[in-house]
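Colleague: Please find the sequence and the predicted model below.
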Amino acid sequence: MSQPRVSFPLAQGTYSRQAHVAVPPNTFEREHARDGFAGPVSHLYHRHAPTSWTSWVGPHRPRLLDLNELPGADSPWSVRPVVFNSRGSVRFWKLASSMKTLCRNADGDTLLLLHRGAGQLFCDYGHLEIREGDFLLIPRGTMWRIETSGSCEFLMVETVGDRFTVPDRGMLGQHAQFDPAVLDIPQLDAAHFAQADMPGEWQVLGKRAGTTFQVTYPHNPLDVVGWKGDLCVLRLNVDQIRPVVSPRYHLPPSVHTTFVSERIAICAFCPRPLESDPQAQRVPFFHSNEDYDELLFLHRGNFFSKDHLRAGMMTFHPSGFSHGPAPKAYRVGQQRSRDHTDEIGINIDFRDPLEVADLSAAVDIPDYALSWTEYNEGEKR
Ligand SMILES: [Fe+2]
């Protein structure tokens, strides 16, 4: 039996009839939402910014993580997850040179974003030249390795006991945001067969239930001569994403959803024009996304609602409290002095509570939780 639900808006006091448009003067709109941006929701109109608290005590707090400060490793399994729970994790992996061993995740699918660098991916399904901005969706149990002549940096998301796929785009149709035909697959090309002939023993470093194991072959096991089926490595570059926008309404982050698993949603925020309707909000609304812990990784550009982010940084906004635009970004949005954003930001939402690793102060930047206090200095709309 479906859950009873009031199906019409109830209202009290001063409010806007259209969310994110014509917000009443001298108020801050906050969205109080369930199920991401698709469930029951109300908009509350506050006299003060909902994030303008002056003190925060306890480890459960908003965080700003500078992943650029993390050390590198030969294998992703030598890198501690930055955030994790029983259903998934996020790592930031700096690879200084070509991998010496093959890698295999027996816990679930892996999604890599090549944040910096270039190289070659060799895997069970063949070979791909990879470049910055490539998402690589690697199915559970695939063997793979990276060759690079320089260094590479990857954002790495795993979904434990699950798989990543592309979301249902509903009324937008299956070709919106990106056409499935733009997805690349590995090639059984000359580079693949050349590496298959590389002599000597090969090790595979696997991960299962969070522990690693090493398997040795007397030959290179990436020796496939052909394959067929509907399971393989997929590649999508962020520059192939064509964002969905509305000139008259600030669409929720969920409209940018790019990959999903049962408990994780990944949205790529890509360069796009901002709203042109003079009454439409231009920065993300303050919101309490009560059913998700949210991460935002900046891959490239200037993130339009967070002026203190630089590439390689990631914010963590856990469920339990509101978050919203940084004061300076909010002011810029109010002044409507920018008409587009050049960001490529990767939003990763976890349905289950995340733990944060013990990180140095160089990575886990102190006092980010108090970064909204400037709203208390007479910056009302
Ligand atoms: Fe959010």
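Modeller: Sure thing, it's come through. Everything numeric in this text was worked out from a predicted model, so none of it was measured.
Colleague: contacts and neighbour counts: CA atoms only from here.
Modeller: OK.
Colleague: Look up how far residue 45 lies from residue 10.
Modeller: Distance of residue 10 to residue 45, given as CA to CA, to the nearest Å: 14 Å.
Colleague: How about residue 117?
Modeller: Counting by CA to CA - residue 117 and residue 45 are separated by 45 Å.
Colleague: So between the two, which is more surrounded?
Modeller: Legend: neighbour count by other CA atoms under 10 Å for residue 117 and residue 45, higher for residue 45 (21 against 17).
Colleague: So which bits of the lowest-mean-pLDDT helix or strand in the chain are buried?
Modeller: Ranking every helix and strand in the chain by mean pLDDT, DSSP states H and E puts helix 327-335 at the bottom, with a mean of 87. Using 16 or more other CA atoms under 10 Å as the test for burial, helix 327-335 gives 327, 328, 329, 330, 331, 333.
Colleague: quick check, nearest of these to residue 307?
Modeller: Of all these, the one with the least separation from residue 307 (CA to CA) is residue 329, at 6.1 Å.
Colleague: The nearest residue to that closest one once chain neighbours are set aside and residue 333: what is the separation?
Modeller: In this structure, residue 329 finds its nearest non-sequential neighbour in residue 305, 5.1 Å apart by CA to CA, 6 or more residues apart in numbering. Per CA to CA, residue 305 is found 8 Å from residue 333.
Colleague: for residue 147, same thing?
Modeller: Residue 147 is 43 Å from residue 333, by CA to CA.
Colleague: Show me the helices in this structure, by range?
Modeller: Remark: helices assigned in the chain by DSSP state H are 190-196, 327-335.
Colleague: How far does the first one sit from its chain's centre?
Modeller: Counting by CA atoms, centre = their mean, to the nearest Å, helix 190-196 is centred 33 Å from the centre of its parent chain.
Colleague: In terms of secondary structure, what does it contact?
Modeller: strand 126-130 (3 or more CA pairs under 8 Å, 6 or more residues apart in numbering; DSSP states H and E).
Colleague: Go through the strand it packs on and flag the buried ones.
Modeller: By 16+ other CA under 10 Å, the buried positions in strand 126-130 come out as 126, 127, 128, 130.
Colleague: Residue 194 is in contact with the second one, correct?
Modeller: No - Residue 127 lies out of contact with residue 194 (CA atoms under 8 Å); the separation is 10.5 Å.
Colleague: which neighbours do these two share?
Modeller: Shared contacts of residue 127 and residue 194, defined by CA atoms under 8 Å, 6 or more residues apart in numbering, are absent.
Colleague: Turn the buried residues of helix 327-335 into CSV, including distance to residue 138.
Modeller: As requested, the buried residues of helix 327-335 are exported to CSV (distance: CA to CA, whole Å):
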residue, distance to residue 138
327, 39
328, 39
329, 36
330, 38
331, 41
333, 38
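Colleague: out of those residues, who's nearest residue 204?
Modeller: The closest of the buried residues of helix 327-335 to residue 204 turns out to be residue 329 (CA to CA; 46.6 Å).
Colleague: Identify the residues contacting that closest one.
Modeller: By CA under 8 Å, 6+ apart, the contact set of residue 329 is 283, 304, 305, 306, 307.
Colleague: That one and residue 283: what is the separation?
Modeller: Here the criterion is CA to CA. By it, residue 329 lies 7 Å from residue 283.
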